[in-house]
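Chemist: Task: produce atomic coordinates for the following.
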Amino acid sequence: MRIVSQEPVSTTPPADPQPSLESQLAAAQAERDDFQRNWLRAQADFENYRKRTQKEAEQERQYRVLPLARDLLPGLDNLRRALEAAGQSSDLTQLVHGVQMVVRQFDDILARHSVLPIAAVGKPFDPNLHQAIQQVPHSVHPPFTVLTELERGYTLHDRVVRPSTVVVSAAPADAPVASSPSEG
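Modeler: Presented below is the predicted three-dimensional model:
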């Protein structure tokens, strides 16, 4: 007699070693859709970021002088008080003293904001820092030396805000003609 082994017969088909083309296509389309959603989200996030930074930059430009304005207002108030006091008093000394205090206050305010005066009187004329409106013959100072400052000039860091308006020395009429520093 023969004994036949009875093994259970599987009713499920054997596993397909490779997924069908349709399932691969569906998976690729799902992945593409995910990438597209992520890309659209990133694009929208970037556009929002761009708009936000543009708005912030515009506000920064619009209000950048606010600290300077806040610092200048007390000086302006003091100047108004000095004018009001001058109208009520005939003491010129007090008025001059009050106005000098206000000028010092304005100089301090400008210095806090890196706006510094240009040293001019007694210095050699520099066309980058000074604007000469007159030359005066002078025997003590060499030619092209700043004698008088009519309007104070200022710099902001390394830029000239306004050049100093000055009067410079020239060689006396009886002295031999010297060449200017720019001609040398």
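Chemist: now the longest helix along the chain: how far from the chain's centre is it?
Modeler: Taking DSSP state H as the criterion, the chain has its longest helix at helix 21-63. In this view, helix 21-63 has its centroid 32 Å away from the chain centroid, taken as Cα atoms, centre = their mean, to the nearest Å.
Chemist: go on, stretch 126-141?
Modeler: Between the centre of stretch 126-141 and the centre of its chain there are 33 Å (Cα atoms, centre = their mean).
Chemist: Need the mean per-residue confidence for it.
Modeler: Across stretch 126-141, the average pLDDT comes to 90.
Chemist: Stretch 108-115 too?
Modeler: Regarding stretch 108-115, the rounded mean pLDDT is 91.
Chemist: quick one: the lowest-mean-pLDDT helix or strand in the chain to helix 21-63, angle?
Modeler: None of the helices or strands of the chain scores lower by mean pLDDT, DSSP states H and E than helix 66-88, at a mean of 85. Helix 66-88 and helix 21-63 meet at an angle of 20 degrees, taking axes from the mean of the first three to the mean of the last three Cα atoms, to 10 degrees as the criterion.
Chemist: hmm, back to that, tell me the mean pLDDT for the longest helix of the chain?
Modeler: Here the average pLDDT along helix 21-63 is 94.
Chemist: For it, name the packing helices and strands.
Modeler: For helix 21-63, there is no helix or strand it packs on, judged by 3 or more Cβ pairs under 8 Å, 6 or more residues apart in numbering; DSSP states H and E. All C-beta spots, glycine's among them, are computed from the backbone N, C-alpha and C.
Chemist: rewinding a little: following element in sequence after the least confident helix or strand of the chain, please.
Modeler: helix 92-112 (DSSP states H and E).
Chemist: Please name the strands paired to the helix or strand that that next one is followed by in the sheet, noting orientation.
Modeler: Per DSSP H and E, helix 92-112 leads on to strand 115-117 as the next helix or strand towards the C-terminus. For strand 115-117, the paired strands and their directions (DSSP bridges) are strand 154-156 (antiparallel).
Chemist: which residues sit against the strand it pairs with?
Modeler: By Cβ atoms under 8 Å, 6 or more residues apart in numbering, the residues outside strand 154-156 that reach it are 110, 113-118, 129, 160-162.
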